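1. Sharing a model prediction with you, sequence too.
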Amino acid sequence: MPVLTPTQHLVALLGSVKEDLLEEMYRRVNAAGYTGLRPSHGCIFRYLDVDGSKLSKLAELSGMSKQAFGEHVDNVEALGYVKRVPDPEDGRAKLIVPTARGREALLLGREIFADLEREWAQALGEERISALRETLEQIHELQRESAPQLSR
């Protein structure tokens, strides 16, 4: 097997594609009038439930500390896309809840990802995109099964 340069490694290619997709998604979100959002804010919107989520759960899902994740929430809250509200089930906890504008941006982002996938299917063929999805899901599951669980 030939030695690959760093940019030829599959992991590097997957990372580049992810970065490109996030940039395109946020370009479209900003073009639709939801300004100020950046790819770094994806750690919030990726896991945020439209009805709200606990900061601790979002931080865990994103693989970040609560403190680091809270800084991202501060930024997105200052832009008016989320707010912190008391958790009705736990008086010590706060829920991160999208504002009306935040919910619109969240749903738009999900629509844009679906649009991008449809664009790929038109350009490359439905079968190839379906096979890509299936392969990536299998790789993801393989990695989850073989990775040691990190304690947080």
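-> Done, it's in. This structure is a prediction, so every number in the text was calculated from the model and none was measured.
2. so what's Arg28 up against?
-> Taking Cβ atoms under 8 Å, 6 or more residues apart in numbering, we find Arg28 in contact with Ile112. Glycine gets a C-beta too; all of them are placed from N, C-alpha and C.
3. actually Asp74, sorry about that
-> If a contact means Cβ under 8 Å, 6+ apart, then Asp74 has no contacts.
4. Can you tell me the element it falls in?
-> For Asp74, the element it lies in under DSSP states H and E is helix 66-78.
5. can you check Leu61 too?
-> Using DSSP H and E, Leu61 sits in helix 55-62.
6. for the chain, longest strand please?
-> For the chain, the strand with the greatest residue count under DSSP state E is strand 90-98.
7. in its sheet, what does that one sit against?
-> Applying DSSP bridges to the sheet, strand 90-98 is found paired with strand 53-54 (antiparallel), strand 82-87 (antiparallel).
8. Please work out which of these is packed deepest.
-> When the strands paired with strand 90-98 are scored by mean count of other Cβ atoms under 10 Å, the highest mean neighbour count falls to strand 53-54 (a mean of 18).
9. low-confidence ranges in this protein?
-> Where the chain drops to pLDDT under 70, the residues are 1-7, 148-152.
10. Let's see that with 50 instead.
-> 151-152 (pLDDT under 50).
11. Give me the residue at the spatial middle of it.
-> By Cα atoms, centre = their mean, the mean C-alpha position of the chain lies nearest to Arg46, the distance being 3.2 Å.
12. Can you give me every residue that contacts that one?
-> Neighbour list for Arg46: 61-62 [criterion: Cβ under 8 Å, 6+ apart].
13. Looks to me like Leu106 is in a strand.
-> No. Under the criterion used here (DSSP: H, G, I helix; E, B strand; the rest coil), Leu106 is helix, not part of a strand.
14. Tell me who's in contact with Ala73.
-> Careful, residue 73 is Val; it's not Ala. Val73 sits next to 44, 55, 58, 82, 84, 96 when contact means Cβ under 8 Å, 6+ apart.
15. again, only this time at 10 Å
-> By Cβ atoms under 10 Å, 6 or more residues apart in numbering, Val73 lies in contact with 41, 43-44, 48, 55, 58-59, 66, 81-84, 94, 96.
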